[in-house]
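> My questions concern the predicted model and sequence given below.
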Amino acid sequence: MPSRWRWILVVSTATALDLLARFGTSFSFAKVTHLEAALFPFTAAVLAILFRYEPSTQGWPHAVRVGLLWLLGLGGLRSVLWTVGLPLMTANVAVLVVAVAGILSWWLRRRSRRSLTSA
């Protein structure tokens, strides 16, 4: 099975499970958040394994895969923080801080690679 179909299968399965939970619990916020606290990090971990061991991609497919990993990871972090009882605003700010730190570290690493190759 080609790599992209594995990714599509994993993301589609996670989406279907999330939608089933939402409709199955009549959109109960607490129950859906508990499911997402397990589903999103698990899905991100499976995609990280696929990302690590499958042939590398370049261009926009690579960006989409990295974006999916980050979004599922951040969504899982937010759900976990909500599930353990953090206030919504505090959890959202914590996720924002992690996202900004990730973007800054990516930017700094990219910048340092450019300076090393141009020297």
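Happy to help now that I have it. Numbering: from 1, shown residues only.
> Now do the contacts for the spatially most central residue of the chain.
Centroid-nearest residue in the chain, with Cα atoms, centre = their mean: Leu72, separated by 2.0 Å. Residues near Leu72 by Cβ atoms under 8 Å, 6 or more residues apart in numbering: 14, 40-41, 43-44, 47. C-beta coordinates here come from the backbone N, C-alpha and C atoms, glycine included.
> cool, and Pro61?
Arg4.
> per-residue confidence at it?
Model confidence at Pro61, given as pLDDT, is 88.
> so which strand or helix has it?
helix 60-83 (DSSP states H and E).
> Whichever strand or helix holds Leu108 - contacts with which helices or strands?
Here Leu108 is covered by helix 88-118, with elements defined by DSSP H and E. Using 3 or more Cβ pairs under 8 Å, 6 or more residues apart in numbering; DSSP states H and E, the elements in contact with helix 88-118 are helix 60-83.
> Distance from the chain centre to the helix it packs on, please.
Helix 60-83 sits 1 Å away from the centroid of its parent chain (Cα atoms, centre = their mean, to the nearest Å).
> Can you show me the CA trace of it as CSV?
Listed next in CSV are the C-alpha coordinates belonging to helix 60-83 (Å, rounded to 0.1, in the frame of the first residue of the first chain):
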residue,chain,number,x,y,z
TRP,A,60,3.7,20.2,-0.1
PRO,A,61,3.1,16.5,0.8
HIS,A,62,5.9,16.8,3.4
ALA,A,63,4.4,20.0,4.8
VAL,A,64,0.9,18.4,5.0
ARG,A,65,2.3,15.4,6.9
VAL,A,66,4.2,17.6,9.3
GLY,A,67,1.2,19.8,9.8
LEU,A,68,-1.1,16.8,10.5
LEU,A,69,1.4,15.6,13.1
TRP,A,70,1.6,18.9,14.8
LEU,A,71,-2.2,19.6,14.7
LEU,A,72,-3.1,16.2,16.1
GLY,A,73,-0.4,16.4,18.8
LEU,A,74,-1.5,19.9,19.8
GLY,A,75,-5.2,18.8,19.8
GLY,A,76,-4.3,15.8,21.9
LEU,A,77,-2.4,18.0,24.4
ARG,A,78,-5.4,20.4,24.7
SER,A,79,-7.8,17.5,25.3
VAL,A,80,-5.5,16.0,27.9
LEU,A,81,-5.2,19.3,29.7
TRP,A,82,-8.9,19.7,29.6
THR,A,83,-9.5,16.2,30.8
